[in-house]
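> fold the stuff below for me.
(2 chains)
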There are 2 protein chains.
Amino acid sequence: MAFAYGFSSLAQAMRPSPIRELFEVIQRPGMISFAGGLPDPAVFPITQFASCASALDREGRVALQYGASEGYRPLVDFLCDRMSRQLGQAITPAQVIIGSGSQQIMDMLGRVLLDPGDVVVTEAPTYPGALHTFRNCGARFALVPCDEKGMIVDALPEVIARCRAATGRPPKLIYSIVNFSNPSGACLGARRRPALAAVAAAHGVPVLEDDPYGELRWEGAHRESVFSHAAGGVVFASSFSKILAPGVRVAWAVGDADLIRALVVLKQGLDLCSSMVSQVLVSEYCHRGHLDEHLPRIRAHYAGKARAMATALARELPAGVANFTPPEGGFFFWLRFAGVDSQAVFERAVERGVAFLPGRAFYPTAAETVGPPGDGSACARLCFTFADPAQIDEGCRRLAAAIAAA
Amino acid sequence: MAFAYGFSSLAQAMRPSPIRELFEVIQRPGMISFAGGLPDPAVFPITQFASCASALDREGRVALQYGASEGYRPLVDFLCDRMSRQLGQAITPAQVIIGSGSQQIMDMLGRVLLDPGDVVVTEAPTYPGALHTFRNCGARFALVPCDEKGMIVDALPEVIARCRAATGRPPKLIYSIVNFSNPSGACLGARRRPALAAVAAAHGVPVLEDDPYGELRWEGAHRESVFSHAAGGVVFASSFSKILAPGVRVAWAVGDADLIRALVVLKQGLDLCSSMVSQVLVSEYCHRGHLDEHLPRIRAHYAGKARAMATALARELPAGVANFTPPEGGFFFWLRFAGVDSQAVFERAVERGVAFLPGRAFYPTAAETVGPPGDGSACARLCFTFADPAQIDEGCRRLAAAIAAA
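Numbering: from 1, shown residues only, chains lettered A, B, ... in the order given. You can find the predicted model right below:
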């Protein structure tokens, strides 16, 4: 990109998201895409949601006017009630802010917490959108290794110490996708949750517990949030994107009231408030009880697709070709190839009509990493929610052929 | 604000918006408010807008899914067509981005253009939300004086030279509200428009031509945009907030394709895309032709309110007490008191049940100003769009009493 008048340092350091870079590939005729992290539009509650538009008529003077930067109060109240039950403690409106998707929650937190050069601790691998957003706040990254139980919390003190040694400051944020992580599908172990809260508090580092997928569990037992084990330093964030629809761009954060107030003041300068039209529609949908009616339906729908992908992968990929653990919820399979580079597999795969996201996308560059950089070159993220079961079956067949050819 | 874990420099420098600070005052029973810049909900096209929700049913799979960061394509196409006519040159989709209100357009431009300490040139007085947003990008400010024809463009070269001398760099952006400025109500003179484009180009400084009020002219002749006089360095921004409804949070920018691409990449990390639900509804509303049907109605409505305020002010404020020029469009009267401090008037005014925004809110602090700071202490902004005509009448009576008592 060039602009005759010159860009800021931030703009010069930006990179398009990996999905955007693959956009043309994914759009090719006949392509089966496991690449994006898109919900299945077949389970969008379109008719129910559209019928909530009677609220736009009834509440038109509010829905069409500027709203509070904190969020539309009836929706905030709904979330307080829901979060109080989910997080096991009374949550008040002063602890809640509504944002335009979890992406904006991350951007806001990054801006009120990070100065350029500050370090964000992330899981390795982690969500590329988080890297993009925190990079835009001037962040560098320190990586905590993960296993099938998510972040190896025992390794966290050493990561923090290394960051202190390298930069003279502690990291400013720990970012964790605790349930059915994007990309790994892993769910943070029950005993690791209080441990994460304790290590973070002991080192004075706040945590962003990003949980868009937690309500999409179809197997195994619910695990308590990290937030519920902490005393103030954890921000819990979730979103309607995966449980209702991403097009509404409505997410929320729960945290320390002073921190939330800073996010509110910042948000006045970002967009004044999130779409009131969206918020009124989502609020109406929730207050009518549709959300809880809808959740079992999407859980069953995605469980079926996950089983289809597990079955197809097990059939197509002989033992030793790729390892994976079928997830108990969420959107993703994480494959680890044996001795094959995922970028090479990707190139063979798109020739054969199947796309996925190679593992490198889930790691920061070595230059922006404090401490050892991660290596995703043997890994791949497969999203199972968007394709239909027949496409999942055929896509895994094509993937196996691509691995063999790589 | 305090947060046990520490805030970024940005968060420490933030200040709540002036309107937010007045929130409790404005909410008092019986208070007549000329303070906020709110459109009149009585002219929201509630029924027509709500009826557009049939598009949520028809286009549900798109409206509820993630969308392109550039914006919903049918709405982008509508805007290209409208902007091509309005700006007098063919505008292509690559030159357009949709944002969540003009506030987000400003934030995005600030982030791709400004490094901390860079200077934004603004009119004196200017919109406090612009100061808030650019401050959040680390900006300092340089002020160009204004008269009843808006920015005194002849003074601009000296402001730029002073900025170069003080900082060693040119300013990174010139911010101008060209039509019916917030707060002054002034409309940039027809001859000043090509001059602004020429001076900015000669000094290599891009311009943000912020034009939310341009279509709300009820008197005088339309003036051509600064954009139409420039060759690449001007970003034209406008919004549905004042011509349809702010609750949709949909605005747009038109500019150099490379700059727009940078905004698109940035926006992926801000919120991925603006509410698709809002965009689909606004697009449906526009494509049904409702916008052009609606505009004459709100113009007439606000013209009536502006006349009511001009009449009441002329009757209540004897010559020499306050000067003002009735605006030909927009939302605001700008009063200049003779020998009275507007903060003192404000305090007497709220005791008497009328609120406005004292002039200091429209200037950066001296500490963040490069060159001579402005002084709004004799001025006040009165918004005439929200109150009804009887309130306008009574509010101006109370204001006169407050001036007499100050």
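> use CA for all of it now, contacts and neighbours both
OK.
> what's the weakest-modelled helix or strand in chain A?
Ranked by mean pLDDT, DSSP states H and E, the helix or strand of chain A with the weakest confidence is helix A:18-21, at a mean of 80.
> give me the buried positions along that helix.
A:18-19 (16 or more other C-alpha atoms under 10 Å in any protein chain shown).
> not counting the helix or strand following it itself, show me its contacts.
Going down the chain from helix A:18-21, the next helix or strand is helix A:23-26, by DSSP states H and E. For helix A:23-26, the external contacting residues (C-alpha atoms under 8 Å, 6 or more residues apart in numbering or on different chains) are A:31-33, A:35, A:350, A:355.
> return the per-residue confidence for the closest residue to A:Ala306 other than its chain neighbours.
Excluding its sequence neighbours, the residue lying closest to A:Ala306 (C-alpha to C-alpha, 6 or more residues apart in numbering or on different chains) is A:Phe384, at 6.1 Å. With respect to pLDDT, A:Phe384 scores 98.
> which strands and helices sit next to the longest helix seen in chain A?
Identified as the longest helix of chain A according to DSSP state H is helix A:290-316. With contacts taken as 3 or more C-alpha pairs under 8 Å, 6 or more residues apart in numbering or on different chains; DSSP states H and E, helix A:290-316 sits against helix A:389-405.
> identify the residues contacting the helix it packs on?
A:32-33, A:305, A:308-309, A:312-313, A:316-317, A:340, A:345-346, A:348-349, A:352-354, A:384.
> strands of chain A, start to end?
Counting by DSSP state E, chain A has strands at residues A:32-33, A:96-99, A:119-124, A:140-147, A:150-151, A:173-177, A:207-210, A:234-239, A:251-254, A:322-323, A:332-337, A:354-355, A:357-358, A:379-383.
> pipe the ones you listed into TSV and attach mean neighbour count per row.
Shown next, in TSV, are these (neighbours: other C-alpha atoms under 10 Å in any protein chain shown):
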stretch	mean neighbour count
strand A:32-33	25
strand A:96-99	30
strand A:119-124	26
strand A:140-147	22
strand A:150-151	26
strand A:173-177	24
strand A:207-210	24
strand A:234-239	24
strand A:251-254	24
strand A:322-323	19
strand A:332-337	24
strand A:354-355	28
strand A:357-358	24
strand A:379-383	27
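> possible to save those as TSV with distance to chain B?
As requested, those are exported to TSV (distance: least, C-alpha to the nearest C-alpha, whole Å):
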stretch	distance to chain B
strand A:32-33	15
strand A:96-99	9
strand A:119-124	12
strand A:140-147	15
strand A:150-151	22
strand A:173-177	9
strand A:207-210	10
strand A:234-239	11
strand A:251-254	10
strand A:322-323	30
strand A:332-337	17
strand A:354-355	19
strand A:357-358	17
strand A:379-383	15
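> of all these, which one comes closest to B:Phe362?
Minimum separation from B:Phe362 across those (C-alpha to C-alpha) falls at strand A:96-99, 27.2 Å.
> neighbouring strands of that closest one in the sheet, and parallel or not?
strand A:251-254 (antiparallel) (DSSP bridges).
> run through who's touching the partner strand.
In contact with strand A:251-254 (C-alpha under 8 Å, 6+ apart) are residues A:91, A:95-102, A:105, A:235-241, A:260.
> just to revisit the earlier point, what is the least confident helix or strand of chain A packed up against?
Using 3+ C-alpha pairs under 8 Å, 6+ apart: helix A:18-21 touches no other helix or strand.
> what sits up against it?
A:35-36, A:128, A:357, A:361.
> and the helices in the stretch 101-250 of chain A?
A:101-113, A:128-136, A:156-167, A:192-203 (DSSP state H, counting those that start in this stretch).
> residues contacting A:Ser238?
Counted by C-alpha under 8 Å, 6+ apart, A:Ser238 has contacts A:102, A:210-212, A:251-253.
> and those as JSON lines, adding pLDDT?
Formatted as JSON lines, those follow (pLDDT from 0 to 100):
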{"residue": "A:Ser102", "pLDDT": "97"}
{"residue": "A:Asp210", "pLDDT": "98"}
{"residue": "A:Asp211", "pLDDT": "98"}
{"residue": "A:Pro212", "pLDDT": "98"}
{"residue": "A:Ala251", "pLDDT": "98"}
{"residue": "A:Trp252", "pLDDT": "98"}
{"residue": "A:Ala253", "pLDDT": "98"}
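> next, format these as TSV and append distance to A:Pro16.
Formatted as TSV, the contacts of A:Ser238 follow (distance: C-alpha to C-alpha, whole Å):
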residue	distance to A:Pro16
A:Ser102	18
A:Asp210	22
A:Asp211	24
A:Pro212	23
A:Ala251	23
A:Trp252	25
A:Ala253	26
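> of the residues you listed, closest to A:Asp154?
For the contacts of A:Ser238, the nearest to A:Asp154 is A:Asp210 (20.0 Å; C-alpha to C-alpha).
> sorry, back to before: can I get the strands of chain A in a markdown table with distance to A:Leu216?
Converted to a markdown table, those look like this (distance: least, C-alpha to C-alpha, whole Å):
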| stretch | distance to A:Leu216 |
| --- | --- |
| strand A:32-33 | 21 |
| strand A:96-99 | 21 |
| strand A:119-124 | 21 |
| strand A:140-147 | 21 |
| strand A:150-151 | 17 |
| strand A:173-177 | 13 |
| strand A:207-210 | 14 |
| strand A:234-239 | 12 |
| strand A:251-254 | 16 |
| strand A:322-323 | 23 |
| strand A:332-337 | 12 |
| strand A:354-355 | 24 |
| strand A:357-358 | 22 |
| strand A:379-383 | 14 |
